[in-house]
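In: below: sequence and its predicted model.
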Amino acid sequence: MDLRFNTSLAEGYKSAAQIARVLTEDWFARNMYCPICGELSIKRAEPNAPVKDYICGNCKSQYELKSKKENSDRYTTKVNDGVYRTMIERITSLDNPSFFFMHYDCYEVNNLIIVPKCFFTPNVIEKRKPLDAGAKRAGWEGCNILLNNVPEFAKIPIIKNGIALNPKDVCKQYNHVFSLQTNSIESRGWLMDVLSCVERLDETFTLKQMYDFVNELGVKHPNNNNIEAKIRQQLQFLRDKGFIDFTTRGNYKKIGL
Ligand SMILES: [Zn+2]
């Protein structure tokens, strides 16, 4: 994989934002494979398709690409995206794209990750302030993706610090992590909230420690009055999918989380 951009394409463009878009999109079209099925390239979707930039011709998976000039393998900031309402509608219909987040610097890609679609919950999407009355698109409400709220293990590396990983390993990792896909937005929310608690604990942890999050989870899920049972159910799910191990009664160990 050649990580350099084709800078000759920048000729004729004046705005830095336009140049960045042209170069990153061209690089992506020439180099990116489908991290789900391994198809050698993915196609650009029709322009202006809502929350969907790319599509795999083989498995029909949808993707969006977000790129930023930065030389870092950390993805913890806010990323601007399109219309808030469209994003929430897509997420809640479970028909949302997975997202690529690219970092580039000095006209080459240094870091690239893919976040499977099951990690996008309303909790990860923040509404931006509507544009002022004087603006061209007054009242327009965009959104931010809060990468801080996405679990670290869900940020699957494709290029890390200037080195492209083996596509087979990327696909394997994607499909392992994507096994956490659930079939309702409510269970997706529960899983992500419990995962974010698990992430804050050490490699081995106890059920008692998990119960310390009952109040916090209760604020997020005010209509549920059996939070402890919900926590146990999510831990069971994570065990069935091979992300944690039950060592002894009430004791857990993380596996690759
Ligand atoms: Zn595919």
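Out: Looks like it came in fine. Since the structure is predicted, the reported quantities are computational estimates derived from the model, not experimental observations.
In: ok, for the residue most central in space within the chain, nearest residue in space, not its chain neighbours?
Out: For the chain, the residue nearest the mean C-alpha position is V115 (3.1 Å; Cα atoms, centre = their mean). With Cβ to Cβ, 6 or more residues apart in numbering as the criterion, V115 has its nearest non-adjacent residue at 4.9 Å, and that residue is F99. Where you see a C-beta, it was placed from the backbone N, CA and C, and this is true even at glycine.
In: run through who's touching stretch 151-163.
Out: 1, 3, 35, 73, 75, 100-101, 108-116, 119, 147, 164-165, 170, 173-174, 177, 192, 195-196, 199, 256-257 (Cβ atoms under 8 Å, 6 or more residues apart in numbering).
In: can you check stretch 244-257 too?
Out: Everything outside stretch 244-257 that qualifies as a contact, by Cβ under 8 Å, 6+ apart, is 151, 153, 176, 195, 198-199, 203-208, 235, 238-239, 242-243.
In: and if we set it to 7 Å?
Out: Here stretch 244-257 makes contact (Cβ atoms under 7 Å, 6 or more residues apart in numbering) with 153, 198-199, 203-208, 235, 238-239, 242-243.
In: are any of those buried, and which?
Out: Listed as buried from these are F153, V198, F205, L235, L238, F243; burial here means 16 or more other Cβ atoms under 10 Å.
In: ok, the first one to R74 distance?
Out: F153 sits 14 Å away from R74, taking Cβ to Cβ, to the nearest Å as the criterion.
In: for L217, same thing?
Out: On the measure of Cβ to Cβ, L217 and R74 end up 27 Å apart.
In: which one's more surrounded, the two?
Out: For L217 versus R74, neighbours defined as other Cβ atoms under 10 Å are more numerous around L217 (21 against 11).
In: that one in helix, strand or coil?
Out: What DSSP: H, G, I helix; E, B strand; the rest coil gives for L217 is helix.
In: what residues does the protein have near the ion?
Out: C34, I36, C37, E39, C56, N58, C59, S61 (Cβ under 5 Å from the ion).
In: of those, which is the most crowded?
Out: Counting by other Cβ under 10 Å, top hit in these: C34 with 24 neighbours.
In: wait, that one touches C59, no?
Out: Yes. Between C34 and C59 there is a contact at 6.4 Å, judged by Cβ atoms under 7 Å.
In: now the end-to-end length of stretch 82-101.
Out: Using Cα to Cα, to the nearest Å, one end of stretch 82-101 lies 15 Å from the other.
In: now C143: closest residue in space that isn't a chain neighbour?
Out: Y84 (4.0 Å).
In: what's the neighbour count on that neighbour?
Out: 18.
In: check what pLDDT it gets.
Out: Listed pLDDT for Y84 reads 93.
In: contacts only, for it.
Out: By Cβ under 7 Å, 6+ apart, the contact set of Y84 is K127, R128, E141, G142, C143.
In: can you list the residues of the chain next to the ion in TSV and add distance to N183 and secondary structure?
Out: Below are those laid out as TSV (distance: Cβ to Cβ, whole Å; DSSP: H, G, I helix; E, B strand; the rest coil):
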residue	distance to N183	secondary structure
C34	22	coil
I36	18	coil
C37	21	coil
E39	25	coil
C56	21	coil
N58	23	coil
C59	18	coil
S61	17	coil
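In: will you turn those residues into TSV that also has pLDDT?
Out: Listed next are the residues of the chain next to the ion as TSV, based on pLDDT from 0 to 100:
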residue	pLDDT
C34	97
I36	95
C37	95
E39	96
C56	94
N58	96
C59	94
S61	93
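In: which of the residues you listed lies closest to G134?
Out: S61 (40.6 Å; Cβ to Cβ).
In: check contacts around the closest one.
Out: Contacts for S61 were tallied using Cβ under 7 Å, 6+ apart; they are C34, I36, S98.
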